[in-house]
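Trainee: Got a sequence here, can you model it:
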Amino acid sequence: PLVRDKNGNDVTDQFTVKALPGTLTIKPRTVTLISESVQQVYNGQPLTSENITVAGDGFAEDEGVEYNFTGSRTLIGASDNTFTYTFNEGTDAGDYQIRVQYGTLTVITRPADALYELTLTGLSDTVLYDGSEHSLSGMHISGADAADGGSDNAQDLTFAVNGITYVLTGLESTVSAVNAGTYTTNVTGTAFVYDMDGNDVTDQFLIYTRSGALTVEKRNVILTSASASETYTGRVLTGETIEVSGDGFVQGEGAEYQFGNGRSIVGVSENTFRYTLTPETSADNYNIETRFGTLTVTNRDAKYLVTAAARSAQYLYDGKEHTVDGLISNNVTIDDVTYIIEGLSADAKAVDAGEYEVVLTGVPKVLDENGNDVTDQFAVEVINGSLTIRDTYSLTIRFVDEDGEDVADPEIYRFEEGESFGPVSVPEIDGLVPDFDEIISPSEGMPSTDLDIVVVYRNPDSTPLDTEPESEPESEPESELASEENTTTEVETKA
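Mentor: Got it, this is the predicted structure:
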């Protein structure tokens, strides 16, 4: 060993140096690993922190550990921010005394003004009335903080907020209806919200409910009557068919129709009708519009030809005035339709034998059965009539006794030439017997001259004369009657 003084001089000789052994002690480093404490408002996402504070002696240069963080918290509350560690390669665990200190992970309830706001709305739908039952069940979820919404079934409604999925249960909304109207889909029940681990997080949500509506719309039905056209026939033109358009009636439902009076005269009118819904059909389920077709009757190209004929009459001359007037018939029937002819008159009067024309005067007017003037559809041929007073001849029968005195009032008859008459019975006179009992005309009938027949009543005790009655012209000279072929045969008698 060498010993030097402070000035560097070798003074070894002044010393006896005794060598004794010593010790070298390297103490392990004391290290405290502290995980971070953090806090957040509930947001449905795990709260973690991977920050570590190394306290104490720390690690030697180029030495250390790796960390594995296991601490996490999602629900309201606090828990350790746990972790584990392993020594890096080149770091000897014996060189360190390591203590672990966990921080705290704290999740707090969302403030009242920051709760997740959700709105649960009953579903809405619009359908057309079809006679069947329609049902609406379920809800729609929405809200400013809802990133996604849906309309699952009423008991398990899944939604997401900020990428975190939740399930809402406890509410339902359902409604059923058949008839037209608006039916409210109220949301009822108590809401519960669960995260996907089944944790109840209802307190972090503010839930509103709104009603939806099921609307069953009325069916729009258009009822249109048929249009029809024809040339005038006098018959009633109808169009008793209905076109149903628009949405139409539901099967098994409908209406019955009552049509108007149609149209029979020239012109255009609406084909009116009324309807009555069948017992199975409710007016509340329909909006019904009626549209009328048209009924058109046009003028005839070829008019109906009809005849208006004045009456005719024949009378035997009797010295009196005879009259004939009017038409044979004011009515005319065509195709079972009856018309009345008005506006014409005819009149003739006469006393003396002869033929007189019965002239129709005026302007013919043709009326249908309802009193409508349909003259334009007719050509009326006017035919005059006649009044005939035929010549007649008198047959005068006198009843006298043998002295030529009247025993009864005479009987006077008038006959046409050739007209047969009789038998004419003679009256009975007490105490007297007529030359004959009956008077009949000859086979050729009444001659063209006046006749006088005298029936003589006799005493039964007297001798009867020739039973041939006396017959002589009333106004002709006897010589002219005697010259006529029938002067003695113009009457026959029966005793």
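
Trainee: In space, what's closest to residue 68 - neighbours in sequence excluded?
Mentor: Nearest residue to residue 68 in three dimensions, chain neighbours excluded: residue 84, at 4.6 Å (Cβ to Cβ, 6 or more residues apart in numbering). Any C-beta I mention is one placed from the backbone N, CA and C, and that applies to glycine too.

Trainee: Double-check that the one you found belongs to a helix.
Mentor: No - assignment of residue 84 by DSSP: H, G, I helix; E, B strand; the rest coil gives strand, placing it outside any helix.

Trainee: if I read this right, it contacts residue 70, doesn't it?
Mentor: Yes - using Cβ atoms under 8 Å, residue 84 makes contact with residue 70 at a distance of 6.6 Å.

Trainee: what pairs with the helix or strand containing residue 455, and is each one parallel or antiparallel?
Mentor: Counting by DSSP states H and E, the element that carries residue 455 is strand 451-458. Neighbouring strands of strand 451-458 in its sheet, by DSSP bridges, are strand 393-401 (parallel), strand 433-434 (antiparallel), strand 470-473 (antiparallel).

Trainee: Format the ones you listed as TSV; extra columns: mean neighbour count, distance to residue 55 and mean pLDDT.
Mentor: Output for those, formatted as TSV (neighbours: other Cβ atoms under 10 Å; distance: least, Cβ to Cβ, whole Å; pLDDT from 0 to 100):
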stretch	mean neighbour count	distance to residue 55	mean pLDDT
strand 393-401	18	174	93
strand 433-434	20	185	94
strand 470-473	16	184	45
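
Trainee: Nearest to residue 323, out of the ones you listed?
Mentor: For residue 323, the closest of the strands paired with strand 451-458 is strand 393-401, at 23.4 Å, according to Cβ to Cβ.

Trainee: Show the subsequent helix or strand relative to the closest one.
Mentor: Downstream of strand 393-401, the next assigned helix or strand under DSSP H and E is strand 406-415.

Trainee: Buried residues, that next one. List them.
Mentor: Neighbour-count burial for strand 406-415, counted by 16 or more other Cβ atoms under 10 Å, picks out 407, 408, 411, 413, 414, 415.

Trainee: Please apply the same query to stretch 130-143.
Mentor: Here stretch 130-143 shows 131, 134, 136, 137, 138, 139, 140, 141, 142, 143 as buried, counting by 16+ other Cβ under 10 Å.

Trainee: Using pLDDT, spot the least trustworthy of these.
Mentor: pLDDT is lowest at residue 143 among the buried residues of stretch 130-143; the value there is 76.

Trainee: Next up, the contacts around that residue.
Mentor: Residues near residue 143 by Cβ atoms under 8 Å, 6 or more residues apart in numbering: 116, 117, 118, 119, 149.

Trainee: most neighbours, which of those?
Mentor: residue 118 (24 neighbours; other Cβ atoms under 10 Å).

Trainee: since we're on residue 274, how many residues are nearby?
Mentor: 11.

Trainee: Work out for me the element it sits within.
Mentor: Per DSSP H and E: residue 274 is located in strand 273-277.

Trainee: re the thing from before, list just the nearest of the buried residues of stretch 130-143 to residue 19.
Mentor: Nearest to residue 19 among the buried residues of stretch 130-143, counting by Cβ to Cβ, is residue 143 at 87.5 Å.

Trainee: about what we covered before: least confident of the contacts of residue 143?
Mentor: In terms of pLDDT, residue 149 ranks lowest among the contacts of residue 143, with 48.

Trainee: returning to what we had before: secondary structure and distance to residue 366 added to the buried residues of stretch 130-143, as CSV?
Mentor: Converted to CSV, those look like this (DSSP: H, G, I helix; E, B strand; the rest coil; distance: Cβ to Cβ, whole Å):
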residue, secondary structure, distance to residue 366
131, coil, 54
134, strand, 63
136, strand, 69
137, strand, 74
138, coil, 75
139, strand, 78
140, strand, 76
141, strand, 82
142, strand, 80
143, coil, 85
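
Trainee: Stretch 202-218: end-to-end distance?
Mentor: Terminal residues of stretch 202-218 are spaced 42 Å apart (Cα to Cα, to the nearest Å).

Trainee: before we move on, what about stretch 277-284?
Mentor: End-to-end distance for stretch 277-284: 11 Å, by Cα to Cα.

Trainee: give me the low-pLDDT residue ranges for the stretch 151-300 of the chain?
Mentor: 151-155 (pLDDT under 70).

Trainee: With the stretch 351-495 of the chain instead?
Mentor: Filtered on pLDDT under 70, the stretch 351-495 of the chain yields the residue ranges 462-495.

Trainee: For the closest residue to residue 358 other than its chain neighbours, which residues are in contact?
Mentor: Excluding the flanking residues, the one nearest residue 358 by Cβ to Cβ, 6+ apart is residue 385, at 3.6 Å. Residues in contact with residue 385 (Cβ under 8 Å, 6+ apart) are 309, 310, 311, 312, 313, 324, 328, 346, 348, 357, 358, 360.

Trainee: Can I have the buried ones of those as a PyMOL selection?
Mentor: Of the contacts of residue 385, the buried ones go into a single PyMOL selection, burial set by 16+ other Cβ under 10 Å:
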select buried, resi 309+310+311+312+313+324+346+348+358+360
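
Trainee: Just send the contacts of residue 385 back as JSON lines, with distance to residue 428 and secondary structure too.
Mentor: What follows is the contacts of residue 385, written out as JSON lines (distance: Cβ to Cβ, whole Å; DSSP: H, G, I helix; E, B strand; the rest coil):
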{"residue": "309", "distance to residue 428": "51", "secondary structure": "strand"}
{"residue": "310", "distance to residue 428": "49", "secondary structure": "strand"}
{"residue": "311", "distance to residue 428": "44", "secondary structure": "coil"}
{"residue": "312", "distance to residue 428": "44", "secondary structure": "coil"}
{"residue": "313", "distance to residue 428": "39", "secondary structure": "strand"}
{"residue": "324", "distance to residue 428": "42", "secondary structure": "strand"}
{"residue": "328", "distance to residue 428": "47", "secondary structure": "coil"}
{"residue": "346", "distance to residue 428": "49", "secondary structure": "strand"}
{"residue": "348", "distance to residue 428": "45", "secondary structure": "strand"}
{"residue": "357", "distance to residue 428": "49", "secondary structure": "strand"}
{"residue": "358", "distance to residue 428": "47", "secondary structure": "strand"}
{"residue": "360", "distance to residue 428": "54", "secondary structure": "strand"}
